[in-house]
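Engineer: just coords:
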């Protein structure tokens, strides 16, 4: 991690505008993104910051997608046999494809990450998806101000959830009160894995008091994720009962239009990573 962390930090800085534009697109309506002629009104990082400030938006993090496509070091990690083999083993399949990687930068003062499941933001008709989450620096426990993920353990098997509730809006604090879990303090390079339907969140990165009553300013948190799907997964067909939460559209919009709804998710930008090519 001592070698990879400065590389990821550098790539994030190079793509800072992408991160801010993505946040503005997710948090603001299209009315604030483009003018009457369809031209972008947010052409710089400062434009994006200002638009979000004007609307008093509290961001949970900044995010950029798919840096593995331009950086060989990140590509080597996310397609590494260790990660790819683990993904195949967890899914119980023989072949897996890399869906996407993401960098998550949670700045001091950023708010909580809402409860969500990754597959609800992906364009696939499958249950076979898994994500690895890797902090790139040591991370204290949540009790000590850390911002690691909290999981609603077993929520990926809660079939009633999608039928009777809105997973992006309803409050499930009581539903999963005995199933909430996190993994405590983590060292740089540790990893957690979660199923694509597992609900998860993370606490805000706010100032806090230590045991002696001293106010502590939190450190920024940088994490890298990689999501894998089983080879043979299909795109959602037209007329699906529930629409995709398009928050992650920036991660798949450059390939999804090349395939027809319901087709196999077979595309050069979804490479098979296990077995190793």
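Structural biologist: Nice, I can see it. Keep in mind the model is a prediction, meaning the values are calculated, not measured. Numbers count the residues shown, from 1 in each chain.

Engineer: surely residue 196 touches residue 131?
Structural biologist: Yes. Counting by Cβ atoms under 8 Å, residue 131 is a contact partner of residue 196 at 6.8 Å. C-beta: built from backbone N, CA, C; applies to glycine.

Engineer: and for those two, which residues touch both?
Structural biologist: Any residue near both residue 196 and residue 131 by Cβ atoms under 8 Å, 6 or more residues apart in numbering counts here, and that gives 118, 227.

Engineer: isn't residue 148 up against residue 191?
Structural biologist: No. Look at residue 148 against residue 191 with Cβ under 8 Å: they stay out of range, at 11.2 Å.

Engineer: those two: who's more crowded?
Structural biologist: residue 148 (22 against 17; other Cβ atoms under 10 Å).

Engineer: what's the distance between the more buried one and residue 192?
Structural biologist: Noted for residue 148: a distance of 8 Å to residue 192, by Cβ to Cβ, to the nearest Å.

Engineer: okay, and the residue most central in space within the chain sits in which element?
Structural biologist: With distances taken as Cα atoms, centre = their mean, residue 102 lies nearest the centre of the chain, 6.0 Å away. In this assignment (DSSP states H and E), residue 102 forms part of strand 96-106.

Engineer: continuing past that strand, what's the next helix or strand?
Structural biologist: Downstream of strand 96-106 (by DSSP H and E), the next one is strand 113-116.

Engineer: now the helices for the stretch 1-150 of the chain?
Structural biologist: 4-14, 16-27, 45-54, 72-78, 81-91 (DSSP state H, counting those that start in this stretch).

Engineer: what lies in contact with the second one?
Structural biologist: It refers to helix 16-27. Against helix 16-27 from outside (Cβ under 8 Å, 6+ apart): 12, 32-33, 42, 44-45, 48-49, 51-52, 55, 57, 59, 62-65, 105, 247, 249-250.

Engineer: how about the third one?
Structural biologist: Outside of helix 45-54, the residues within contact range by Cβ under 8 Å, 6+ apart are 16-17, 20-21, 23-24, 27-28, 32, 41-42, 59.

Engineer: likewise for the fourth one?
Structural biologist: Residues lying outside helix 72-78 but in contact with it, judged by Cβ under 8 Å, 6+ apart, are 3-4, 7-8, 11, 67-69, 83, 98, 101, 224, 226, 273.

Engineer: which of these sits closest to residue 258?
Structural biologist: The closest of these to residue 258 turns out to be residue 69 (Cβ to Cβ; 15.3 Å).

Engineer: ok, now which ones touch the closest one?
Structural biologist: 75, 269.

Engineer: let me see the ranges of the strands in this structure.
Structural biologist: 62-65, 96-106, 113-116, 124-125, 129-135, 150-152, 180-182, 192-195, 200-202, 208-209, 215-216, 221-230, 234-235, 272-274 (DSSP state E).
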